[in-house]
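Novice: Sequence first, then the predicted structure:
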Amino acid sequence: MLEMNFEIARHNMIEQQIRPWNVIDPITLEALDVIPRENYVPDTMKRSAFADTQLPIGHNQVMLCPKIEAHILQSLQVQETDSVLEIGTGSGYMTALLAHLADKVCSVEIIESLSQSAQQKLASEGFENITFVVDDAAQGYEQNSPYDVIVITGSVAQLAESFKTSLKKGGRLFAVIGNAPVMEATLITRVSSNQYRTEVLFETEIPALKNSIPNSTFRL
C-alpha cells in the first residue's frame, strides 16, 4: 500500500471541504494547515483523518468532522491574548488549534484516559500553554474565570447559565444546543454584565456532552 501524503490530504481537506463551507478566514485556514490533524486520530484511522465525517476515538466519543471544527474556530475569532476554556478535550485536535491561536487554554475532560492521551500528543507537538483538567464540567467550570473564549465540544440540550457568566465582557462562547435531530450551533457573545447576543450559525448533530442538563419534562 502506498504511503499517504498527509500534506496533500490536508490541503485537499481545506480546499474541498472547508472553503466550500464558507470558512475563508485566513487565520483559521492557517491553523488548519499547520496543525497535523492526522496526529490526533487513532493509529488505525490515520488514512481517514481528513474525511468529511466524525471519527470514533473510544469511550463512545468522536472527533468532530473537519468543517465543523473549522466553523467553530472561525466563529470564535481567537486572539493571541485570549484565555480559552475548552469543555471536552477529546482527541486534543481542537485543543491544539485553540492553543496555536490563543495565549493559554484550559481543557477539561471527564474521561481521564482521553485527557492523558491528548496531553501526551500535545506535549509531543511542543505545546506549553495548555492546562489539562480531569473533571465533570457539564454544568460549568468557573476556576480561573472569566474567559475570553469558551468552547463546548459536545452538544447540550440546555446551556448551563454558569458558562455565560464565566465569559469576560466581549467574550465568545460556542455551543451546540438542542436535541437530536434538531441541534443549533450557537455563538453567544457577552455584551455587558447582564446582556448577551446570541447567533445561530448552522444546524448540525453531534454527540451529547456527558452529564449535561437534560430538557425539562412537562406533564399535564
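Specialist: Received the coordinates, thanks.
Novice: Pretty sure residue 114 sits against residue 89.
Specialist: Yes: the criterion here is C-beta atoms under 8 Å, and residue 114 meets it with residue 89 at 6.1 Å. Placement of C-beta: from N, CA and C, glycine included.
Novice: check contacts around the closest residue to residue 37 other than its chain neighbours.
Specialist: Nearest residue to residue 37, sequence neighbours excluded (C-beta to C-beta, 6 or more residues apart in numbering): residue 49, at 5.1 Å. Residues near residue 49 by C-beta atoms under 8 Å, 6 or more residues apart in numbering: 6, 9, 37, 38, 40, 41, 55.
Novice: With residue 156 instead?
Specialist: Neighbouring residues of residue 156 by C-beta under 8 Å, 6+ apart: 138, 175, 176, 177, 208, 209, 212, 213.
Novice: Please apply the same query to residue 14.
Specialist: Contacts for residue 14 were tallied using C-beta under 8 Å, 6+ apart; they are 29, 32, 33.
Novice: now do residue 5
Specialist: Contacts of residue 5 (C-beta under 8 Å, 6+ apart): none.
Novice: longest helix anywhere in the chain?
Specialist: helix 112-124 (DSSP state H).
Novice: Check whether residue 144 really touches residue 106, as I assumed.
Specialist: Yes: assessed by C-beta under 8 Å, residue 144 is found in contact with residue 106 at 6.3 Å.
Novice: about what we covered before: list the helices and strands the longest helix of the chain packs on?
Specialist: Helices and strands touching helix 112-124, by 3 or more C-beta pairs under 8 Å, 6 or more residues apart in numbering; DSSP states H and E, are strand 55-58, helix 93-101, strand 104-109, strand 130-134.
Novice: Can you add distance to residue 123 and give those back as CSV?
Specialist: Conversion of those to CSV gives the following (distance: least, C-beta to C-beta, whole Å):
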stretch, distance to residue 123
strand 55-58, 18
helix 93-101, 11
strand 104-109, 13
strand 130-134, 9
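Novice: For the residue nearest to residue 37, what are phi and psi?
Specialist: Dihedral pair for residue 49: phi -60, psi -30, per degrees, to the nearest 10.
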